[in-house]
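Student: can't give you the sequence, but here's the structure:
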């Protein structure tokens, strides 16, 4: 399986994507966040549901297509 999101060198989590599929996911995610803020600015309750849902979706995609996250101290 090709890794779209490599683990960060320091800390926990993922760094920037290392292939076009990862960049496509990030750009699509940013477009969805931007569109939801524009379209839902009159309905803040829906915005408070939509944005955390999009964040959760991105985290799940990173877990699925990224390296296993763990604490890294920059030595490996």
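Tutor: Nice, thanks for sending it over. All figures in this text were calculated on a predicted structure; none of them were measured in a lab. Numbering: from 1, shown residues only.
Student: tell me, what residue is most central in the protein?
Tutor: residue 58 (3.6 Å; C-alpha atoms, centre = their mean).
Student: residues contacting that one?
Tutor: Residues counted as contacts of residue 58 (C-beta atoms under 8 Å, 6 or more residues apart in numbering) are 25, 26, 29. In this view, the C-beta of every residue, glycine as well, is placed from N, C-alpha and C.
Student: identify, by residue count, the longest helix of the chain.
Tutor: Identified as the longest helix of the chain according to DSSP state H is helix 44-65.
Student: right, and the helix or strand after that one?
Tutor: Using DSSP states H and E, the helix or strand that directly follows helix 44-65 along the chain is strand 72-73.
Student: hmm, who's touching the lowest-mean-pLDDT helix or strand in the chain?
Tutor: One helix or strand of the chain scores below all others by mean pLDDT, DSSP states H and E: strand 72-73, with a mean of 85. Contact with strand 72-73 is made by 7, 8, 9, 10, 11, 12, as judged by C-beta under 8 Å, 6+ apart.
Student: so the second one versus residue 54, what's the distance?
Tutor: To tie it back to what came earlier, the one meant is residue 8. 21 Å (C-beta to C-beta, to the nearest Å).
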